Structure formats: C-alpha cells, structure tokens
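[1] Here is a sequence with its predicted model. Questions after.
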Amino acid sequence: MRFGIIVFPGSNCDHDCKYAVEYLGHTAEYLWHADHQDLTDYDCIIIPGGFSYGDYLRAGAIARFANMMEQVRKFAEKSGLVIGICNGFQILLEAGLLPGAMQKNRSLKFQCEYRSMVIENADSPFTNTLDKGEVIQLPIAHGEGNYYIDPEGLSNLEANGQVLLRYTTPTGEVTDRANPNGSVSNIAGICNEERNIFGLMPHPERAVDSRLGNGCVDGRKILESIITYRTEKGGVQC
Amino acid sequence: MLTVDLQEKLAFNGLKFEEYQKILDMLGREPNDLELALYGVMWSEHCSYKHSKAQLKTLPTQSECVLQGPGENAGIIGIGDGMAAVFKIESHNHPSAIEPYQGAATGVGGIVRDVFTMGARPIALLNSLRFGNLDNEHVRYIFGGVVAGIADYGNCLGIPTVGGETYFNKSYQGNPLVNAMCLGVMPVKEMVTGSASGIGNPVMVVGAATGRDGIKGASFASEELSAESEEKRPSVQVGDPFMEKLLMEACLELIKTGVVVGIQDMGAAGLASSSCEMASRAGTGIELDVALVPAREKEMTPYDFMLSESQERMLVVPKKGCEAKVKEIFDRWGLNAVVVGQVTADGNLTIKEDGVIAARVPAASLADAPVYHPESVRPAYLDAVESFELSQVRIPETDEYNDILIELLASPNLSSKAWVYQQYDHMVRSNTVVLPGSDAAVVRVEGTDRGLAVTTDCNSRFCYLNPYQGTMIAVAEAARNVVCSGGKPLAITDGMNFGNPEKPEIFYQFRESIAGMRAACQALNTPVTGGNVSFYNEHSGQAIYPTPIIGMVGLLENIEDAVTMDFKDEGDLIFLIGETKEELGGSEYLSLIHGLETGQLPELDLNLEKAIQQTVIEAVQQKIIKSAHDCAEGGLAVALAESTMANGLGAEIEIEDGEVRSDAVLFGESQSRIIVTIAGKDLNLFMQICSANTVPVQRIGQVKGDELKINDWINARVELLKLQWQEAIPCIMSQR
Amino acid sequence: MFKIELKVMPRKGILNPQSTAVKNGLKAMGYDNVDNLEMGKFMEFTIKAADRAEAEAYVEEMCKRLLANPVIEDYTYQIYQVEGE
Amino acid sequence: MFKIELKVMPRKGILNPQSTAVKNGLKAMGYDNVDNLEMGKFMEFTIKAADRAEAEAYVEEMCKRLLANPVIEDYTYQIYQVEGE
Ligand SMILES: Nc1ncnc2c1ncn2[C@@H]1O[C@H](COP(=O)(O)OP(=O)(O)O)[C@@H](O)[C@H]1O
Ligand SMILES: [Mg+2]
C-alpha cells in the first residue's frame, strides 16, 4: 500500500503520518506542495496537520492554492481516497472539497488531549473496520476545530450519512460537555457524498504505537480501514 | 573628564564611568557613539554575565557524558547509539511582564534557535512559570497571555511542549518569570558550533528581515522593573513562528550539507552580539556592511541594525565558495540569505555602512566585559526563619484533615496544570512517551528505543528560606522526578532568576544558591552544561524569591521502562521509600493553611538521596515498578491523591502513628521520598533491592476501591478530590 | 492607485467565538451597557488599477478567492483614489 | 444609544506576520498590484450612554482595558448616534 503525504512549508504532522503508515507496514512518501506530480499511483493521499502557511488569515486558506491541491482535486475526482487530518481537514474545507467551515474553538484556546468519539457510519472506506456506534479515543490538538455548517447543509450531511465521527462521552453520549470545540452537532469528522474524501480534526496517526502517550491505539482502525478498503476493493469507487 | 554630555551618553548606554575608562584603555582612544553603544549592550548584565561569571565558574561541568559544557549556545551530552542530546534553558521575564503573549512566544523562539543552531532537531519544549496570586486581574491577564504565547509559538513550530512547572506567589506580582527550555537530539558527528573561523569566509545573515524591534532589549532586561518601565520599554518584539519553522528546517538542512563553519542565532543584542561572539570564540575578526542586511523598515541606521532584536534571524559563516549552496537552500524555504561581510584576521569587529566604516573595535574586547565580585551580606530575615518554632502551630483535629487535603488540592499551586499543558500540543511528532501530568516527561529518541526524561524544578519558597539548601533540594527533586519516570539523571541546565545583584542581600542569595547547586550536582553526578542568569527581577524595589530553576535531562535505555505516577491495578502494594520526619518548614501546608512562609527546610542527605534513586532505578530495570511518584509540595497525602487521579483508583493507607505530628506525616515535605506500587508477586525482589541499597522502606497500603483513605485522617472519594483538583485553575481563569 | 478598506465580518446569525468572548469579557468587567457586538477583520491595502471599476473587480475577486470565507463571513469595502501611479 | 465602529490595527514598525502572510498569499496568486497591506481587527457594537462624551469615555476605557493591546496596537473609532433608548 502506498500513501502520499502532502507537505506544506508549515506542515508538522507529515512526520507523524509517515511514522504511522510505516509502523503498520506500508509505505509513505512526502509530496512537496509546490510540485505538480500526478497522484494516480497512490492508494491514498494524506493532507496532514500543522500550520500550512502559519494559518494567519484562516487555517488552510492559503494552502488550498498550492499546485499539489490541484492534483489532489483531480485524484479525488477519479475516486482516489483523500484523508485530511486537522489542518488537512481545514484545507479541504477551504478548498471546497468538503462542505462547511472552521471557526476558532469556542474556548478560544488551543486544546490538546485525548477525546472520545463515536463512529456514526461504518460504511465508508475510512471506517469499515469499525462498528457503527463504537466509541473510540483519539488525541485532538487544534485551536480551530469548531466546525460550522448551515442547518440545511447539516441535514444533508446527516441524511447522506456523511458524518463519520462525533465527539461523545466515554460511554458514547453526545453531550455539550463532550464537545471540545463547539462544533455543530459535535461533529469531529465528515466525508463527501461520494465517500472518498474524509476530513477529521482528531489525529488517528498519533494513536498507533502503544508505547506512546496513554497507550491508545484506536487510530490504527482508521488507517486499517483504508488499507482494507484498498486491498479488498482494489480501489474502484465505493 | 565626566562632562554632562558624557554622563548622559553613559547613562543612555547603561555603562559605568569605570567601564568607560576600561573601554578607553582597550581602544587607546575615545569610542564613537556606535562603538559606545556596542559596549553598552555587550557589557550589559544580560549579555556579559559580569556579576555572575565568577560564581558560575565554580560549578561542576564535566562527566562521562558531557560533550559540550557551558559557553556555547547550548550544552551537549552523549546518550549512546552515537546520539547526543542538546539542551538549554532561557529566561524571558521582562518582555513577558510588558507584553505577556509576545514576550513568552519570543522566549520560546529564542531557546529553540539556541538548540537547532548546534545542529540538533528540537524534540521537546518545557517552561517554568511564576506569577503573582491569581486573585489579581492583571496577574490572570499575564498568566493567560504567557501560556497562550508559549502555546501558539511551540504548536506552530511542531515541537511538543511536554512539561514544566507553574507556581503562584505574591513575590512575582510585578515581575513574572518565564523560563523556556528546549531539548534537541542529533548524531554526535553532526555537531556544529558558533565560531567564525577561517579568514576570508563569508558572513551571512539568514531568515527574517531586520526592523527596529526590541532595540536595547538586552539593556532593558538588565534593569529593575518600575512604574516607568511601560514607557521605557523597547519596541516590543513580535514572534513569527511560521518564519521560525522555515528557518529551523532550512538551517537543519544546511548543517547536514557540511558547508557550515559556524552558525549562531541572533538573540539579545542581535547582530552585535552574534557577530562579536562568533569572532571572539574563534579569535578572528568580522567585517560587515549593514547596508547589505535585509531591512524591514526604511532609513535604518547602523545603530538600529546592530542593536535590533528582530526575531527569527541567524548569522551563518559557511565555507568560502559555498554561498550559492546556502542561498539555494534558503530560497527553497522562501527565506533571505545574504552575504553581509567576511571573517578577517585582524580580530576587529568592523561595521560599515555602504563601505564607510561606522565602527571598529576588537571583537574580543566586546566579549570581555569587566568581571565583578559583588559584596554579599546575609539577609536579616533569615534569623527569624531559623528561629521559627513549629510548636506554635496548632495541630488540626482528626476530622479537619479531609477539608485540608481538599483545600490544598484545589489551590492553584497544587491543583492540576492541565489548563496550561492542554494548550500545548504535547504529542506532535509522535515521540511523547510520558505525557505532561506525571513527574518528568519522557520523549523517545527517534529511530532508537531510547528515551529522554526531562523536567524543570524549583521550590522558590525553599530557596528564599534557605538559598543553599533550597537549591540543593531543587537539583535533588529534579533528579527524583527523572528517576520516577524511569530515567537515569545525566545533566542539568540552570535558569537563575534573582533580584538586583548589586544589593548585597541578593548577591548572598545568589552565591549560596550556586554553592548548593554545586554540592548537589557533584553528589548526584549531574554536571551543569549551561544555563541562564536573569538578575534585576524586582518590582518597585521588591525582589522576587530567588528562583534557580533546574532543567534536568535523564536517559532511559528503553522507552518500555517508562513509568508514570498513576496507580495501575487494584491490589497493587504501595510502598514509601525514604523517611518521614517532623518537617513542615517552608511547606505548602504551612503557607496555605496557616499563612506562614517560614521555618527551617527539610533536611537533605545527598547520600541517602542517591541510594533511594538507585533503588528505584534498579527496580525499574527489573520491570517491577508499576507506578512511582515523589513526595513534593503538599507532602505524602497530596502525592497519594495525585496518583489516584488518572485512573480513578483509590488507596487504603495505614501509617504508623509515631513521634511525628500528624499534620507533618500527611503534609510535611521531608525530602528523598518516593511512593512506588508493585504487584504482590514482586514483593521479595523489591525488598531485596531495597535492602541491598540500605534504604528505609515501608509498606503503607494498597491500591483499592475508589476512595483515598489514610488512617482515620482522610477518607474521600477520588472523584470528588479529582473534581476539586481539576477545576481549580479553569474556574479561576473563566471568571475574568 | 486606489486604497481599499475592507471589512470582513461574521455572517449574521453565525455565532462567532471571538465576538462571544469579547462580549462576555466586557460584561464581566461591568460594561452592561454594551450590546450587539460583532468582531471581524479589517484590511487596508493599495491596488494599482486603470480605474475604479477595475480596482473593484480585483477586490471582489480577491475577496471571493482568499480574503473572506463565504460560508461564515460577509465582506464590505470602500475604495478611495489616492496619489501614486 | 450610540453605535461604535472600532478599528484596532498593529502599531507602525511592529512586525505583523498576519499582514505579511496575506500579502504573500496574494502575491503568490498573481496579485502583484497589491501593496501596503495591513490587517487588524474590526469591532462594532452599541452602547447606552447619556451623551456622546460619555459614550466616548466608555469606549476609551474599554479599549485600554480589553479591546486593544496598547503595547502593540493602535485604535481608532467612530461614534454614531442611533435609535434606541
Ligand atoms: N507550564 C507548564 N508547562 C507544561 N507542563 C506543566 C507546566 N506546569 C506544570 N506542568 C506539568 O504538570 C505536572 C505537575 O507539575 P508539578 O506539580 O510541578 O510536578 P512535580 O511536582 O512532579 O515537579 C508535570 O507533569 C508538569 O510537567
Ligand atoms: Mg514530581
């Protein structure tokens, strides 16, 4: 399995993503934002976390104009799998590849901690090794993860099963206290209608090695879903 | 002759008349204004260490592992597998008092540059913070701003901030302390230094353009704060972490190519200090033309260029002919890299503007400030401290202890610091093994199974009550924290924060503190590889408590040996290694519950300390330690409570009710005590290790249920304790 | 040359965390007489253009592409002719 | 009632990475004709006050205490009288 990781000047989770992919026994290659390289041969493109251009205007606003993002768009149009994590999610939103927008956390503070979240839809290339209703734990680390979409957009997301992850209590309840940033409907991750583009604020790549942090390895399941999907379906649409 | 004109000039440049005469002797002529300004900043306390140098020389700096001691941008130790750890601590107190967000942010930026300038990739940040009491609105503003500034800068750089300390005490009301520590790693063979050698080599300025930011910041840092400081402040430096990230990546890439002869960051006193330090280290000269330096503002004078403290800049001396290579790398990162001059043989720092000489002085003379041996007088308050009688303090009734414990846990000093460290990305780069919230943090050395345990420690109330012993305790506590996380202590960096050294009572504190550090570092074989001295931490004539912060690094051969403080499994046995004495002097308990900041400090027997640490290290290697936590502020009861929090596991503790008064048993801060838990099956092995090291040890109970019970004194649900402990700071900070 | 003053404000009806924080901050400090607070961004810049219409076309395009996010933000601007070619 | 429009801009001479980032972003997108870009904050709110002078006194105080950071920012504002008691 071959993953491509887009590197912007201010990316900093590119490294973590590569580590996670290699830890699971697959290959990952960095792709420089300014290049024009065709992405057809990759099984999945990761847009990693970080502060692509310092995020001084709005997170991800400038990154979306990078040459590589044009390639990502083409790749996604041909049903290629794209996962944007944290700043990657913000970039996908700014690029219009996913609906909605990010605001600053309602605490106005950066927040880094483990959080619980529920799998809302296991029928996607990114969640197929999980069960619907399963509660997992992943680290979050962001200052602008307060997801907003208008009511109509939200009901579309819900109706189409595009909400894949929602922040919950450890026992799976969707409560306001369980919402770390003020996201509409506790949304932590969504996919597009075609289900080949996934954006999420939590960091699955930071939860694969049991020797790190609190030992949680739930992030593997997201990556393994991608791998399973590609191995079983050979990558032809959903 | 000291004319009015000269007097004004000297005052403006912060120079004494004797210093001016020394300059005349060195030059054999009168300096021009720019030259005088160069001496002014370079001989400021901040750059020259003129009041501390002689004392610092007495510290131990050698051991098997030290590769680079004090004198460079950061210290270096070998950690095996051909790898080296690079680390240093630095203060940014005055800037943070004026502009907390930017002051703290640029403090982080500076210390990160000190580490990558040695060729190391920064892998962890820590910060040691001191503020006044949180019931004051301005203190809350400073506290909030400092934490956000550290967070935004470190997070954007992608370096995890994994630890530190946060204390509140009225002595810091007008003068907060912000010390930042950075740890990096590199292959030993990739070490570079900040020397400008090789006559004819080009001198390049890389990174951000130069503006008028923070001109004379170094001098500002060498004065006491007062009501007028607001007006006097240099134009504030603003950090650009994105620029720093680019600079870091470009510099690390450049260093790997092997074309760098010397490299140095531009910190305090900017181009002036970086150029004269690089030249004087190599015994060479540097000639540069300020007209070539990329400028952010118009009509900058040579004075502005030389003294600006614009952030995110470096001075690089590459091999001759390699300029294009440097440019190519920095171009790709979108950064400036401009040749501004060259290394010369004449030993002079020559500054030109458009080819016209604006200043020329021997580089070594700038770096060779006078060394002072200030007078030292034992402060009178120490008499009262020493004659304090504990018997005058009422012993609480049995049924008061639950409330006392809760009050301690809910006090800003002892409560959870999650409000702080959750604003820091402490996991980025996927190497954080022990997260903040335990004793020392542990970060993996990438590509190996090794880990580094890092911590900063200082109990400044102790250091106030007894500077010598308080500093010994700070070193011992740092080592204890490293050991509790499964590491072996290796070396320290020190952040010495004191008042005005020209006051004999303050210098006494400083001298005693250095002596205490010396004794402890020798005994524990943890030499000093570098550090920082910040004097003049006073507000309206009132000095802060002496605060010698110890930043320690230790080694884990394998990260699987990492240990945290939290109880792991029901039924595990709880042991206390070390002895509890009737020692309440200087304790958090006396301060918070009885309003007393006085008393003799707990004793510290460095031999016993060593033996106890050795015991834990051996037990860790035998893989039988399930949790370890030292008893620090708040004593045994608070330490036990802290261990219950993470997993909500309670404990049943029985302590022999002996000679020591009950409040001292619970809350006394006797030194060299570590609480460990082990599984029942490992009891024999554990006892063998203890007796082989002849350390006092007692089994005090076991992990059990969801309540913390200690004799008939304490009986509280963990959930309740946790709520009080967790919500204390968030609660205060949300009531803006 | 034209000088542009651009205001990018949160869209009506969208709860903006910064505005909320400032509002709460003021209330906590006792300013009960303050209301309807909205906080956004202000940008000023100059632009070289043949005439006002061209300048305006540029600004519109720049706003749509980069300076504002239409999902959560509205923008308004003013254009002034100034000295300079 | 008075309506306040408050502009908080970075002080001259102080580094402003935000402005630089937007400027560079625009340049990278081909807008070479843009210059002198400065970015700051904009706030609007209403305030109840007996008269304009009182409103102004409030605004000055609020700016100093919370809305602007005088160390690195300058502020300017306009006050309009509006309907409402
Ligand atoms: N300013 C800070 N930055 C990061 N971590 C902090 C900070 N302050 C406290 N912590 C973390 O909170 C935990 C408790 O701190 P402290 O009580 O000082 O520990 P100890 O007494 O073991 O030295 C530690 O893990 C420490 O690293
Ligand atoms: Mg500890």
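    Nice, thanks for sending it over. Ligands and ions are numbered 1, 2, ... in the order given.
[2] bridging residues for B:Gly163?
    Following DSSP bridges, B:Gly163 is listed with bridge partners B:Leu126.
[3] For stretch B:57-77, which residues meet the burial criterion?
    Neighbour-count burial for stretch B:57-77 flags B:59-61, B:65-66, B:68-70, B:72-77 (criterion: 16 or more other C-beta atoms under 10 Å in any protein chain shown). Bear in mind the C-beta positions are built from the backbone N, C-alpha and C, glycine included.
[4] Check those and tell me the two furthest apart.
    For those, the maximum inter-member distance is 20.6 Å, found between B:Pro60 and B:Asn73 (C-beta to C-beta).
[5] what about the residue in the stretch 1-150 of chain B that chain A sits nearest to, how many neighbours?
    Nearest to chain A, among the residues of the stretch 1-150 of chain B, is B:Ala148, at 7.1 Å (C-beta to the nearest C-beta). Per other C-beta atoms under 10 Å in any protein chain shown, the neighbour tally for B:Ala148 reads 19.
[6] what helix or strand is it on?
    helix B:137-157 (DSSP states H and E).
[7] Show me which residues of chain A sit near chain D.
    Counting by C-beta under 8 Å from any C-beta of the partner chain, chain A comes close to chain D at A:53-54, A:56-57, A:61-62, A:65.
[8] Can you list which of the residues you listed are found in helices?
    Nothing among the residues of chain A next to chain D maps onto helices, per DSSP state H.
[9] Among those, which one sits closest to B:Ser310?
    The closest of the residues of chain A next to chain D, once distances to B:Ser310 are taken by C-beta to C-beta, is A:Gly54, at 16.9 Å.
[10] got the buried residues of stretch B:57-77 as TSV, with pLDDT and secondary structure columns?
    Listed next are the buried residues of stretch B:57-77 as TSV, based on pLDDT from 0 to 100; DSSP: H, G, I helix; E, B strand; the rest coil:
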residue	pLDDT	secondary structure
B:Leu59	98	coil
B:Pro60	98	coil
B:Thr61	97	coil
B:Cys65	96	coil
B:Val66	97	strand
B:Gln68	94	strand
B:Gly69	93	coil
B:Pro70	93	strand
B:Glu72	87	strand
B:Asn73	89	coil
B:Ala74	95	coil
B:Gly75	96	strand
B:Ile76	97	strand
B:Ile77	98	strand
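[11] who in chain A is up against chain C?
    A:57-58, A:61-62, A:65, A:93-94, A:100-101, A:103-106, A:108, A:146, A:148-150, A:182.
[12] Let's see that with 10 Å instead.
    A:57-58, A:60-62, A:64-65, A:93-94, A:96, A:99-108, A:144, A:146, A:148-151, A:153, A:181-182, A:184 (C-beta under 10 Å from any C-beta of the partner chain).
[13] Among those residues, name the ones in helices.
    A:93-94, A:151, A:153.
[14] residues near the residue lying closest to B:Asn127 once chain neighbours are set aside, how many?
    Using C-beta to C-beta, 6 or more residues apart in numbering or on different chains and skipping residues adjacent in sequence, the residue nearest B:Asn127 is B:Gly164, 4.1 Å away. The tally of other residues near B:Gly164 (other C-beta under 10 Å) stands at 26.
[15] Run through the chain and note the low-pLDDT ranges.
    Reading this off chain A. Scanning chain A for pLDDT under 70 picks out A:233-238.
[16] please go with chain C instead
    Judged by pLDDT under 70, the stretches of chain C that qualify are C:85.
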